[in-house]
Structure formats: structure tokens, C-alpha cells
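> any chance you could fold what I've pasted below:
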Amino acid sequence: MHKLEIRELTKRFAGVAAIDGLSIAIEAGRITSVIGPNGSGKSTLVNVLSGLLSIDGGAVTIGANPPLKKIKPCKVPSYGITRTFQEVRLFEQMTVLDNILVVLTERNLWGAFFERHKAHHMKQAGEALNRTGLWGRRDDLAVNLSYGQRKLLEVARALAMCATGQAGIILFDEPFAGLFPQMVKTVSAIIKELRDSGFTVVLIEHNMDLIRELSDHVIVMDSGRLLAEGGAQEVLKRRDVADAYLGE
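Residues are numbered from 1 along each chain as shown. Below is the predicted model:
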């Protein structure tokens, strides 16, 4: 089981702490939502956990591994972490299907382009695209998808990595932004299914109705620090949480 423990984590930009001595635990096999006003450090946290930003202080423990004071992007898959992005990142000039196959094959990107796709790769890719409703667009270039479909393709890519056992922790950075209601239902169902299958889900989201529906545990950040945590209903009733949002 993949658990995340974050101890005294700090990330600074030009001397300003975007994350300020944050200590939290993200339990395995649960949906943990991280919420807070704009600028509270939510996306910075996800970027640190996925190796896009360096750690300036503190450490992150992933599962049974020793505490890490540095997370290299190239090592993130070996830690069992995958993610989606607030700003979609796809291989624009590759087909929808190839955007999935590239993460299912050789971990070296150059090797991934030339490794022969085996039947089980195609099966896993097909299942991920069917689950997100994108199988019919499999031969289209990713650049030609609508914004919502592009977000779904990122979810499909994460889903495929989970199916292979490459990932046990999924970081969703605002996966519902810009989605039509039916797409929201699809992604919500996928997130629940991942949790029910034992995956550890970290969700960054602004929609409080979705937070109430999906969260097993809620962590509230404000100015890079832990403001509150607990069940969604109890946390969202707190006056200090409401004040943090109203003070944006």
C-alpha cells in the first residue's frame, strides 16, 4: 500500500514560502482532497511530490522507502506516482492511442517510441480509452481534441499506468476544470473506482460539492500551512476555513 508522509516540507520562491513547514499524512487506499484559497500552496505541493519542483526543506516518505529530501522527475514512476496536470500536458502531434502506449512501454522516452507494442499494451490502452469514452478518437491527433477530451486523455493515461502496476499514488490537479457534466460523472466514477481498488488518490479541487462527494479525508491549506484536516462535512463547517476562502 502506498502512503505519503510529508514532514516539515518547505518550498520557497524568491524568499517567500509557498509551502511553509507542512506536515501531513496521506493514507493509502483513500481519497485525500487538498483544498484552500488561491495561492495556498496546493499545486505547489503536487509539483513537489511529482518532482517538478525541488524540496527546500523537510522530507517526503513514500510507502516503505526512506525519507526523500530530493525527488527527481525521472525517478517518480519508480516511486509509484503518476499525475494529471491543471494545464494539460500531452504529446500533441501523437495520436490519442499513442499518448497512452508511450507510458505503457519503455520508461525511457526514446525507447518508448521504438519499442514494439505487444497485445497486452494494446489491451490496457484500449481499456483506459474505453473507460474515458475516448476509444472512438483513438486515431486522432491529441492536438485536435476538445479541452475536455484532452483532460480525459490525461486521466486515461494515469488510469493505464495504474492498470500496469506502475502507479499506486495518483495526483489529480483540478481534473474537473472545464469538463461537461457527463465528463465530470465519468471522472468521478474513475476516482472512486481507483480508491476502491486500493489506490491512493490525492485530489486538488475547488468544487465543494465534489469534495463532499469524493473525499475520505480533507486537508485545508492556507498560505502554505496546514489550516485544518478531517472529514469533509466537519472541515467545511469550520469558521476558520470559511474565513480563509472569503479572504481570498
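> direction included, what does the helix or strand containing Ala17 pair up with?
Under the criterion of DSSP states H and E, Ala17 resides in strand 16-26. Paired with strand 16-26 in the same sheet, following DSSP bridges, are strand 4-13 (antiparallel).
> how far off centre is the partner strand?
A distance of 17 Å separates the centroid of the chain from that of strand 4-13, by C-alpha atoms, centre = their mean, to the nearest Å.
> just use 602 as the starting number from now, easier for me
With 602 as the first residue, the last one maps to strand 605-614.
> hang on, the earlier thing: next helix or strand past the strand holding Ala618?
Toward the C-terminus, strand 617-627 is succeeded by strand 632-636 as the next helix or strand (DSSP H and E).
> if we can go back for a sec, give the buried residues for the strand holding Ala618.
618-621, 623, 625, 627 (16 or more other C-beta atoms under 10 Å). Backbone N, C-alpha and C define where each C-beta goes, glycine included.
> who touches that strand?
Applying C-beta atoms under 8 Å, 6 or more residues apart in numbering, the external contacts of strand 617-627 come out as 604-613, 633, 642, 645-646, 649, 658-659, 801, 803, 818, 820, 822, 824-827, 830.
> 6 Å instead?
Around strand 617-627, the neighbours that count as contacts under C-beta atoms under 6 Å, 6 or more residues apart in numbering are 605-612, 633, 642, 645, 820, 825-827.
> swap in stretch 648-662?
606-613, 668-670, 672-674, 677, 684.
> could I have the CA atoms of it written out in PDB?
In PDB, the C-alpha atoms belonging to stretch 648-662 read as follows (Å, rounded to 0.1, in the frame of the first residue of the first chain):
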ATOM      1  CA  ASN A 648       4.500  19.800  -8.200                       C
ATOM      2  CA  VAL A 649       7.000  19.000  -5.300                       C
ATOM      3  CA  LEU A 650       5.600  15.500  -4.900                       C
ATOM      4  CA  SER A 651       5.900  14.800  -8.600                       C
ATOM      5  CA  GLY A 652       9.400  16.100  -8.800                       C
ATOM      6  CA  LEU A 653       8.700  19.200 -10.900                       C
ATOM      7  CA  LEU A 654       9.800  21.500  -8.100                       C
ATOM      8  CA  SER A 655      12.700  20.900  -5.700                       C
ATOM      9  CA  ILE A 656      12.400  20.500  -1.900                       C
ATOM     10  CA  ASP A 657      13.900  23.400   0.000                       C
ATOM     11  CA  GLY A 658      13.300  21.800   3.400                       C
ATOM     12  CA  GLY A 659      11.800  18.800   5.100                       C
ATOM     13  CA  ALA A 660      11.300  15.400   3.600                       C
ATOM     14  CA  VAL A 661       8.700  13.100   1.900                       C
ATOM     15  CA  THR A 662       8.300   9.400   2.700                       C
END
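> no further queries at this time; thank you.
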